[in-house]
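Enquirer: what's the 3D shape of this:
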Amino acid sequence: MTDHIRPHRLQPSRRSGIASFLAMDVLREAAVREQAGASILHLEVGEPGLPAPARVREAAIRALQAGRIGYTEALGMPALRARIARHYGETYGVEVEPGRVAVTTGSSGGFTLAFLALFDVGARVAIAAPGYPAYRNILEALGIEVVSIETTARTRHVVTAEAIATAHAERSLDGVLLMSPGNPTGTMMSADDLRGVAAFCDAQGIAFISDEIYHGLTYGPRAETALAFSKQAVIVNSFSKYYCMTGWRVGWLIVPEQMIRVIERLQQNLSISVPTLSQIAAIEAFESRSELETIKNGYATNRACLLQGLTAMGLDDFQPVDGAFYVYVDVGRFTNDSVAFCRDLLADTGVAATPGVDFDRWRGHRTMRLSFTGSLHTVEAAVERLGAWLKR
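Expert: Sure thing, here's the model as predicted:
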């Protein structure tokens, strides 16, 4: 009788049907080609090309040699929370109580905690287009409706309070999530723009989440924190980008006092605590400014090389690269299918780039993102290969 019973086949949930993160798909394909012996130039992922600062690595080694690595408090090691809070006074002149700091598993863990803490299923949250794809994907997996606000050249491709007001008037928003400097654009909100957004959200009772992961990586004026303009803003940041600690998976949230216990309960149940070794090492990241500024100077050199090279080959339609380490360039002269364009670019030249549809489902078919975090040689070689390929 049991011989005729067909085995049950597990089916994925509806909420799991989110889009893939194309930058990681490109990385996977590039790695396969690299392992097969191809010469690959990695411009697809936003990952620093150099290791974490020496003091960070040395702190981790000391901790390992000292013995047991166990859990920490759910909100993070008190010493790290205090050092993060101190950072805001030193860098921005903004006082933050250590009790408002929650250490997270990178900014990704911070997003999940913040979204769960702030929004119920069916809530409406506005994000910029183009923008970081994981925002939309995480929000949709949690049953939250995403409202895209298209940026334009008129506003230097940043979201303004006026744009948010228009979206809110059409149908009420529960939240707004913005990043400055932005990914993939590299554009940065002015202090006045940030002040306006924070004031509007506070006045309307809209939760404002400010993703500040690329702070420190600017090539002109310093980025300002939303905490300078609102005590209700939720800040997301990480040691991944400026501090060169992507694989360490450690970041932080700054939340209003009334939200900290909510975040703590979620963290207790979702991950217990952030890896202790990473927390110990992260404390030293703040004391590594000289080494990190040298690394940023390298990005600035790469940036100048890439912008000059793209302009020379006729790819001169890109958004202002105020910060971060990306160029988001219009390739509409050559294609109306950025996925195929980037796939062929990788196959023909070994240059790995991310198609724009990863960041903008509606207009990204004619754009691609290039990251300039590698060596100057990598950027120079990529410019040479790309230029020759476009002339073929």
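
Enquirer: which residues of the chain fall in strands?
Expert: Ranges of strands in the chain, per DSSP state E, are 41-42, 101-104, 124-129, 145-150, 175-179, 207-211, 234-238, 251-254, 326-330, 351-352, 354-355, 367-371.

Enquirer: now those strands in CSV, with mean pLDDT and mean neighbour count?
Expert: For glycine as for every other residue, the C-beta is placed from the backbone atoms N, C-alpha and C. Output for the strands of the chain, formatted as CSV (pLDDT from 0 to 100; neighbours: other C-beta atoms under 10 Å):
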stretch, mean pLDDT, mean neighbour count
strand 41-42, 96, 22
strand 101-104, 98, 27
strand 124-129, 97, 22
strand 145-150, 96, 16
strand 175-179, 98, 26
strand 207-211, 98, 25
strand 234-238, 98, 25
strand 251-254, 98, 27
strand 326-330, 96, 24
strand 351-352, 96, 24
strand 354-355, 94, 29
strand 367-371, 96, 27
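
Enquirer: so which of the ones you listed is nearest residue 377?
Expert: Closest to residue 377 of the strands of the chain, according to C-beta to C-beta: strand 41-42, at 9.3 Å.

Enquirer: in this structure, where's the longest helix?
Expert: Taking DSSP state H as the assignment, the helix of the chain that covers the most residues is helix 289-312.

Enquirer: send the alpha carbons of that helix over as CSV?
Expert: Extracted in CSV, the C-alpha atoms of helix 289-312 (Å, rounded to 0.1, in the frame of the first residue of the first chain):
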residue,chain,number,x,y,z
ARG,A,289,41.1,56.5,10.8
SER,A,290,44.6,57.1,9.2
GLU,A,291,44.6,53.7,7.5
LEU,A,292,41.0,54.0,6.3
GLU,A,293,41.6,57.5,4.9
THR,A,294,44.5,56.1,2.9
ILE,A,295,42.2,53.5,1.5
LYS,A,296,39.6,56.1,0.6
ASN,A,297,42.2,58.1,-1.2
GLY,A,298,42.7,55.1,-3.4
TYR,A,299,39.0,55.0,-4.2
ALA,A,300,39.2,58.7,-5.1
THR,A,301,42.0,57.9,-7.6
ASN,A,302,40.0,55.0,-9.0
ARG,A,303,36.9,57.3,-9.3
ALA,A,304,38.8,59.9,-11.3
CYS,A,305,40.2,57.2,-13.6
LEU,A,306,36.8,55.6,-14.2
LEU,A,307,34.9,58.9,-14.7
GLN,A,308,37.5,60.1,-17.2
GLY,A,309,37.6,56.8,-19.0
LEU,A,310,33.8,56.5,-19.3
THR,A,311,33.5,60.0,-20.6
ALA,A,312,36.2,59.4,-23.2
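
Enquirer: what are the contacting residues of it?
Expert: 48, 50, 53-55, 216-217, 219, 242-244, 285, 316, 318, 321, 325, 327, 329, 370, 372-376, 379-380, 382-383, 386-387 (C-beta atoms under 8 Å, 6 or more residues apart in numbering).

Enquirer: which among those count as buried?
Expert: Burial by neighbour count, judged by 16 or more other C-beta atoms under 10 Å, picks out 48, 53, 55, 216-217, 219, 242-244, 285, 318, 321, 325, 327, 329, 370, 372-374, 379, 382-383, 386 from these.

Enquirer: out of the residues you listed, name the ones that lie in helices.
Expert: Among the buried ones among the contacts of helix 289-312, the ones falling in helices (DSSP H) are 55, 285, 379, 382, 383, 386.

Enquirer: per-residue confidence for the closest residue to the third one other than its chain neighbours?
Expert: Spatial nearest neighbour of residue 379, excluding adjacent residues (C-beta to C-beta, 6 or more residues apart in numbering): residue 302 at 4.6 Å. Looking at residue 302, its pLDDT is 97.

Enquirer: cool, residue 4 as well?
Expert: At residue 4, the pLDDT value in this model is 64.

Enquirer: start at 65, not 1
Expert: Sounds good: first residue 65 from here, last item residue 68.

Enquirer: residue 313 against residue 342, yeah?
Expert: Yes. Applying C-beta atoms under 8 Å, one finds residue 313 in contact with residue 342, separated by 6.2 Å.

Enquirer: between the two, tell me which one has more neighbours.
Expert: Comparing residue 313 with residue 342 by other C-beta atoms under 10 Å, the one with more neighbours is residue 342, at 23 against 18.

Enquirer: for residue 263, see how far away the more buried one is.
Expert: Going from residue 342 to residue 263 by C-beta to C-beta, to the nearest Å gives 36 Å.

Enquirer: same check, this time on residue 331
Expert: From residue 331 across to residue 263, the span is 30 Å (C-beta to C-beta).

Enquirer: below-threshold pLDDT in the protein: ranges please.
Expert: In the predicted model, the chain carries pLDDT under 70 at residues 65-70.

Enquirer: residue 107 contacts residue 444, correct?
Expert: No. Applying C-beta under 8 Å, one finds residue 107 not in contact with residue 444, separated by 11.8 Å.

Enquirer: check contacts around residue 415.
Expert: 105, 107, 409, 446, 449, 450, 453.

Enquirer: with those residues in mind, which one is nearest to residue 287?
Expert: Here the nearest of the contacts of residue 415 to residue 287, counting by C-beta to C-beta, is residue 107; it sits at 23.3 Å.

Enquirer: count of neighbours near the closest one?
Expert: Residues near residue 107, counting by other C-beta under 10 Å, number 27.

Enquirer: pop the domain breakdown of this protein in here.
Expert: 80-109+354-454, 118-350 (automatic domain parsing).

Enquirer: in TSV, list these along with distance to residue 73.
Expert: Below are these laid out as TSV (distance: least, C-beta to C-beta, whole Å):
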stretch	distance to residue 73
domain 80-109+354-454	15
domain 118-350	22
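
Enquirer: among those, which comes closest to residue 74?
Expert: Nearest of these (C-beta to C-beta): domain 80-109+354-454, 11.4 Å.

Enquirer: I'd like the ones in helices among the buried ones among the contacts of helix 353-376 laid out as CSV, including distance to residue 140.
Expert: Below are these laid out as CSV (distance: C-beta to C-beta, whole Å):
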residue, distance to residue 140
119, 19
349, 14
443, 36
446, 39
447, 42
450, 43
